[in-house]
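> curious how this folds, go ahead:
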Amino acid sequence: DDLPDYGAGAFVGVVRSIRQLAPGCKVELLTPDFRGQEMPLAKVIAERPDVFNHNVETVPRLYPIARRGSDFMRSARVLRMAKEMGGEEVVTKSGLMVGLGEEFDEMVEAFGILRAPGVQVLTVGQYLRPTENHLPVARYWHPEEFDALERAARGIGFESVAAGPLVRSSYHADESA
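Below is the predicted model of the structure:
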């Protein structure tokens, strides 16, 4: 097929290799949005990763600034399609960062958008500016605020939530599958 796969072939190869070399190993994939294309996503989901992770990173309002070329709703749609294609066999997961100028209510609204199509696992961590060429930190959130975000996410039905200043999308990945 001559359709672009946006890197799906690499994910397929990795999953197949892991399954062959370590059949009992759980596999979590952190993928791009495949530019919203269904075919590359279908190829990845057909390999039945235990956890399909696509991070939305930030709230919809900040997407044009923080994720140029991406779209929050496209990312949410990818997560919905992954769940529809994978069914109960595939756990879906996403992550967001705080510290770019978002408000608490915006975070909870983003959680709701992710939970509606069945995303089961959520991570929330503090954005830390990797280099001077990246966006500056607008503010550092307090541990109590992370606790409140975790309670809000659990309240809308996420099965597993990790929220804290040093949480990253791979945080306790071994416990997600």
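
> which SSE is immediately downstream of the longest strand along the chain?
As assigned by DSSP state E, the longest strand anywhere in the chain is strand 91-98. Of the helices and strands lying after strand 91-98 in sequence (DSSP states H and E), the nearest is helix 104-115.

> okay, the angle between that next one and strand 91-98?
160 degrees (axes from the mean of the first three to the mean of the last three Cα atoms, to 10 degrees).

> which SSE is immediately downstream of helix 104-115?
Taking DSSP H and E, what comes next after helix 104-115 is strand 121-126.

> now whichever helix or strand comes after that next one: average pLDDT?
Under the assignment DSSP H and E, the closest C-terminal helix or strand after strand 121-126 is helix 143-155. For helix 143-155, mean pLDDT rounds to 98.

> list the buried residues of the helix or strand following helix 143-155.
Of the helices and strands lying after helix 143-155 in sequence (DSSP H and E), the nearest is strand 160-164. Neighbour-count burial for strand 160-164 flags 161-164 (criterion: 16 or more other Cβ atoms under 10 Å). C-betas here are computed from N, CA, C, even on glycine.

> can you check stretch 69-88 too?
70-72, 75-83, 85-86.

> stretch 149-163 now?
Neighbour-count burial for stretch 149-163 [16+ other Cβ under 10 Å]: 149-150, 152-153, 158, 161-163.

> need the residues that contact that stretch.
98, 104, 107-108, 111-112, 115, 119-125, 146-147, 171-172, 175-176 (Cβ atoms under 8 Å, 6 or more residues apart in numbering).

> list the contacts of the residue nearest to residue 82 when sequence neighbours are not counted.
Closest residue to residue 82 apart from its sequence neighbours, by Cβ to Cβ, 6 or more residues apart in numbering: residue 52 at 4.6 Å. With contacts defined as Cβ under 8 Å, 6+ apart, residue 52 is in contact with 28-29, 31, 44-45, 79, 82, 86, 90-93.

> tell me the pLDDT at residue 52?
At residue 52, pLDDT is 97.

> ok, residue 172 next?
So, for residue 172, pLDDT stands at 57.

> next one: residue 11
Reported pLDDT for residue 11: 90.

> check contacts around it.
29, 31, 43-44, 47.

> let's go with 7 Å and repeat that
29, 31, 44 (Cβ atoms under 7 Å, 6 or more residues apart in numbering).

> what does residue 45 give?
52, 82, 85-86, 90.
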